[in-house]
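**Student:** Take this sequence and fold it.
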Amino acid sequence: MNGALVSFSRLNSYSMKDLSYPIKFIFKISSLANDFRAKDAHNKTIGYVRQKMFKLKEDISVYEDETRKKVLFKIKADRWLDFSAAYSFTDADGLELGKIARKGWVSIWKARYELIDQFEELQYHITEENAWVKVMDALVGEIPILNIFTGYMFNPSYIVTNLNGEVVARLKKEPSFTGRRFEVQKLKDIDLDDQQRIILGLMMMVLLERRRG
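**Tutor:** Next up is the predicted model:
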């Protein structure tokens, strides 16, 4: 647990103590790759996320910034093309920090994920708040002219809950024509290493869910 904190502090320009919410995920629309920046409330970049293209197995790098000179974290799938795949987080030295696991066939209707710590213990659940938002987005998206407004009309959100059922954070897609902006709000005090794990988990989840539609 302490190792994860030291790793983040050593690699990034400031420690997790200085993270200021809300955190914004902003996708690039000028890139063929699935890239996005993570920025804090002071518009400071806390990570640049890049997903390698044409990979059967997910391979994501979290860099310090858009120059991509320094890798902070790696996220990789544990299984090949599996609905129940887990995605492991490691720091630049290969130290395991935890993982996010998708809840298999249950997630086809309403997205459900589990956040697991570096000791293989379940810590948090991530759940889509209203599955109908995604259904309506898909339906209206097939209607000419109206489909250009779906990014403003339908914006799914996801809650992070601890094992006591308390909501500790929320990720929500912000209204936009391109559907490229997401915001993470912290709703309850969270341990410092858990904040890191939650942010990494939401980074992976938003890539998966954005691909679903």
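
**Student:** so where is this structure shaky, pLDDT-wise?
**Tutor:** Applying pLDDT under 70 to the chain picks out residues 1-18, 30-33, 54-57, 79-84, 104-109, 131-154, 176-179, 211-213.

**Student:** What segments of it are helices?
**Tutor:** 2-11, 131-140, 150-153, 192-212 (DSSP state H).

**Student:** buried ones in the longest one?
**Tutor:** Put plainly, it is helix 192-212. By 16 or more other CB atoms under 10 Å, the buried positions in helix 192-212 come out as 192-210. (Glycine included, C-beta is placed from N, CA and C.)

**Student:** export it as PDB, just CAs?
**Tutor:** The C-alpha trace of helix 192-212 is given here as PDB (Å, rounded to 0.1, in the frame of the first residue of the first chain):
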ATOM      1  CA  LEU A 192      -4.800   8.100  -0.800                       C
ATOM      2  CA  ASP A 193      -3.800   4.900  -2.400                       C
ATOM      3  CA  ASP A 194      -7.500   4.100  -3.100                       C
ATOM      4  CA  GLN A 195      -7.900   7.400  -5.000                       C
ATOM      5  CA  GLN A 196      -5.100   6.300  -7.300                       C
ATOM      6  CA  ARG A 197      -6.700   2.900  -7.900                       C
ATOM      7  CA  ILE A 198     -10.100   4.400  -8.500                       C
ATOM      8  CA  ILE A 199      -8.800   6.900 -11.000                       C
ATOM      9  CA  LEU A 200      -6.900   4.200 -12.900                       C
ATOM     10  CA  GLY A 201     -10.000   2.000 -12.800                       C
ATOM     11  CA  LEU A 202     -12.200   4.700 -14.200                       C
ATOM     12  CA  MET A 203      -9.600   5.400 -16.900                       C
ATOM     13  CA  MET A 204      -9.900   1.800 -18.000                       C
ATOM     14  CA  MET A 205     -13.600   1.700 -17.600                       C
ATOM     15  CA  VAL A 206     -14.300   4.800 -19.700                       C
ATOM     16  CA  LEU A 207     -12.300   3.300 -22.600                       C
ATOM     17  CA  LEU A 208     -14.400   0.200 -22.500                       C
ATOM     18  CA  GLU A 209     -17.700   1.900 -22.000                       C
ATOM     19  CA  ARG A 210     -17.000   4.500 -24.700                       C
ATOM     20  CA  ARG A 211     -16.500   1.700 -27.100                       C
ATOM     21  CA  ARG A 212     -19.900   0.100 -26.100                       C
END
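
**Student:** What is the burial count for the closest residue to residue 180 other than its chain neighbours?
**Tutor:** Leaving aside its sequence neighbours, residue 180 sits nearest to residue 27 (CB to CB, 6 or more residues apart in numbering; 3.8 Å). For residue 27, the count of nearby residues is 19 (other CB atoms under 10 Å).

**Student:** from what I can see residue 27 touches residue 48, true?
**Tutor:** No. Here residue 27 does not reach residue 48: they are 11.4 Å apart, not a contact under CB atoms under 8 Å.

**Student:** For the chain, which segments count as strands?
**Tutor:** Using DSSP state E, the strands of the chain run over residues 23-27, 34-39, 45-51, 59-63, 71-77, 86-91, 96-102, 112-117, 122-128, 157-162, 167-173, 181-186.
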